[in-house]
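S.K.: kindly generate the corresponding structure for this input.
(chains A and B)
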There are 2 protein chains.
Amino acid sequence: MRIYIAGSGAMGCRFGYQLQKSGEDVVLLDNWEDHIAAIQKNGLTIVGDEPDNVPMTIMKPTQAKDVADFIILFTKAMQLPSMLEDIKQIIGAHTKVLCLLNGLGHEDTIRKYIKEENILMGVTVWTAGLKGPGVAILQGKGTINMQSFDKNGAESSREIVDVMNKAGLNVIYDEDVLPSIWRKACVNGTMNSTCALCDCTIGEFFATEDALHTVRCIIHEFCEVGIASGIKLNEKEIVDYVMHVSEIAAPHYPSMHQDLVQNHRLTEIDFINGAVARRGKKLGIDTPYCQMITDLIHAKEHILKIAK
Amino acid sequence: MRIYIAGSGAMGCRFGYQLQKSGEDVVLLDNWEDHIAAIQKNGLTIVGDEPDNVPMTIMKPTQAKDVADFIILFTKAMQLPSMLEDIKQIIGAHTKVLCLLNGLGHEDTIRKYIKEENILMGVTVWTAGLKGPGVAILQGKGTINMQSFDKNGAESSREIVDVMNKAGLNVIYDEDVLPSIWRKACVNGTMNSTCALCDCTIGEFFATEDALHTVRCIIHEFCEVGIASGIKLNEKEIVDYVMHVSEIAAPHYPSMHQDLVQNHRLTEIDFINGAVARRGKKLGIDTPYCQMITDLIHAKEHILKIAK
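M.R.: Residues are numbered from 1 along each chain as shown, chains lettered A, B, ... in the order given. Okay, the predicted model is just below:
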């Protein structure tokens, strides 16, 4: 199966690596020059649980030519529209596209490029890191929950599920994946924006009752807006899940801290808390916590002279 | 007139200095050892518009012995209860007390120590800085608006007003001072907490439409809670005032930034946005913007290991 990984950062490298190992024809797509050069020169180097080095094909999205059987979207949220624009030439009538981006609302973008019956929405708890250009850190195990956008798509998605499971990616075809996507967005919406703003680890932020009040208010807004959108969310279960993740991830800085504070890059805030605030506005639901943290993160992007 | 300045930071030094210059018997009270030692050794040094050096009496609050005619309270908000406790011995039946602290709700604390007829509440636009222990930077001019807590107190406050005006402090006896106190609290509530959290100057924060949305939402909450408390506030006029101050003060870091970010001290947040959130809760008015920024500032105090 001809598979493209559209956005080959840490997670894209993991998935591409595992799929190629299991015999698929994989092409990594990315725009990071040093990363492309390193992999073209030295192959993809894997450190962590099972060190390895393998040749892999990597190129810029616009350089991809052959129509894809399967594309995994793994860009940063704000790069999704330009990525889809850049890979239009490899999207055919039967090309399946799996979206594994963090955040909410990507289906609205993807639908402009892909027929609904070919769209798969997913969420994963696999992790990965990059040690530098061309070097991925792969540790631990994970799973992927995914579902065809088309309600009758379980059958047509079977081949994709099989191919990914053959690669050890532990895919579950989920008859209702949206609650899992929103639950992960709650994790991001309570940890990413807050730790980026307060310049701290997840454990440092979750250490006070004051901070936990903010956490609970953010989750409440996600649930109000999600439930009003028809998504089956259990607020208490999500609070417990977020608290559980905050304990496991306590020593870490979330990705938005890496983006904003460490690397002075634009954040994904508009696709996390910002997406809930926007949808809340459409539905007539107040989301002051999500709106304010979105405003403050954008203010900080401007202060750091990152914003255009 | 025997006058004590209870809290002799930059502003306390300005007022004490001007009152002593005009012939009053002034004692500065403070707990900062280096500041006390410097003034005891070298006198109070004034730099800025009219450089000067004068001997002044300064001591710790607990060392004050003689009953006061007049006390000006000028501590940080959270030091007020311990200051009042430490100066109980100088509060007599006729001691007038003027509160010039930033923030809201101090009257509840002061009433425990001072008879209502002796309490004056005020707000000032005088400014001052400290160059170091014993050295005050005095530039520009200002005014003070004040009012007796007791509605019939204009007459009994006349002597205080005269003494302060003789010292050039430009006092206006205001028949309704609370709107001015709340208006200044709106300035602090939109600039102090936000710039402390985003680590930026006032101008940097007020530069984006995202930030201004937060500013307007905070002012709206102050006005809703203030008006419900019987205070005559005009929201549009306050927004204009805050925007005007933000332009004049654009290059500066507000005092809460100095406290939290520069000096790792506890902030006055519970007496600014936190006071509005608490009062809103009592009145059944939602104040998510004030509550969230209070939560986040407390979280940051904890992250910086300042909080107890």
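S.K.: name the residue of the stretch 1-150 of chain A that lies nearest to chain B.
M.R.: A:M78 (15.5 Å; C-beta to the nearest C-beta). Using the backbone N, CA and C atoms, a C-beta is placed for each residue, glycine as well.
S.K.: just checking, that residue touches A:D270?
M.R.: Yes: between A:M78 and A:D270 there is a contact at 7.2 Å, judged by C-beta atoms under 8 Å.
S.K.: what about the two, which has more around it?
M.R.: Taking neighbours as other C-beta atoms under 10 Å in any protein chain shown, A:M78 and A:D270 compare with A:D270 leading, 19 against 16.
S.K.: I'd say that one and A:T294 touch.
M.R.: Yes: the pair A:D270 / A:T294 is scored as a contact, 7.1 Å apart, by C-beta under 8 Å.
S.K.: please point out which parts of stretch A:74-94 sit buried.
M.R.: The neighbour-count check on stretch A:74-94 (16 or more other C-beta atoms under 10 Å in any protein chain shown) flags A:74-80, A:83-84, A:86-87, A:90-91 as buried.
S.K.: can you give me the end-to-end span of it?
M.R.: Stretch A:74-94 has an end-to-end distance of 20 Å (criterion: C-alpha to C-alpha, to the nearest Å).
S.K.: ok, residues contacting it?
M.R.: For stretch A:74-94, contacts defined as C-beta atoms under 8 Å, 6 or more residues apart in numbering or on different chains pick out A:4-9, A:11-12, A:15, A:29, A:60-62, A:64-69, A:71, A:73, A:97, A:100-103, A:106, A:109-110, A:112-115, A:118, A:259, A:266, A:268, A:270-271.
S.K.: what subset of those is buried?
M.R.: So, by 16+ other C-beta under 10 Å, the buried ones in those are A:4-9, A:11-12, A:15, A:29, A:61, A:64, A:68-69, A:71, A:73, A:97, A:100-103, A:106, A:109-110, A:113-114, A:118, A:259, A:266, A:268, A:270-271.
S.K.: which ones among those residues lie within helices?
M.R.: A:11-12, A:15, A:106, A:109-110 (DSSP state H).
S.K.: let me have those in TSV, extended by distance to B:M191.
M.R.: Below are those laid out as TSV (distance: C-beta to C-beta, whole Å):
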residue	distance to B:M191
A:M11	40
A:G12	43
A:F15	47
A:H106	37
A:T109	37
A:I110	42
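S.K.: hey, where'd the helices end up in chain A?
M.R.: So, for chain A - with DSSP H - the helices run A:10-21, A:33-42, A:80-86, A:106-110, A:158-166, A:178-198, A:202-205, A:209-228, A:235-248, A:255-257, A:273-283, A:288-303.
S.K.: redo these as a markdown table? Include mean pLDDT and distance to A:T127.
M.R.: Rendered in a markdown table, the data for those read as follows (pLDDT from 0 to 100; distance: least, C-beta to C-beta, whole Å):
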| stretch | mean pLDDT | distance to A:T127 |
| --- | --- | --- |
| helix A:10-21 | 97 | 8 |
| helix A:33-42 | 98 | 19 |
| helix A:80-86 | 98 | 21 |
| helix A:106-110 | 95 | 20 |
| helix A:158-166 | 96 | 17 |
| helix A:178-198 | 97 | 12 |
| helix A:202-205 | 97 | 14 |
| helix A:209-228 | 98 | 22 |
| helix A:235-248 | 97 | 11 |
| helix A:255-257 | 94 | 11 |
| helix A:273-283 | 98 | 22 |
| helix A:288-303 | 98 | 23 |
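S.K.: distance check, the most far-flung residue of chain A relative to its centre against A:E235.
M.R.: Centroid-distance maximum for chain A: A:E209 at 29.2 Å, with C-alpha atoms, centre = their mean. Counting by C-beta to C-beta, to the nearest Å, the gap between A:E209 and A:E235 amounts to 19 Å.
S.K.: does A:S157 touch A:G122 like I think?
M.R.: No: assessed by C-beta under 8 Å, A:S157 is found out of contact with A:G122, at 10.4 Å.
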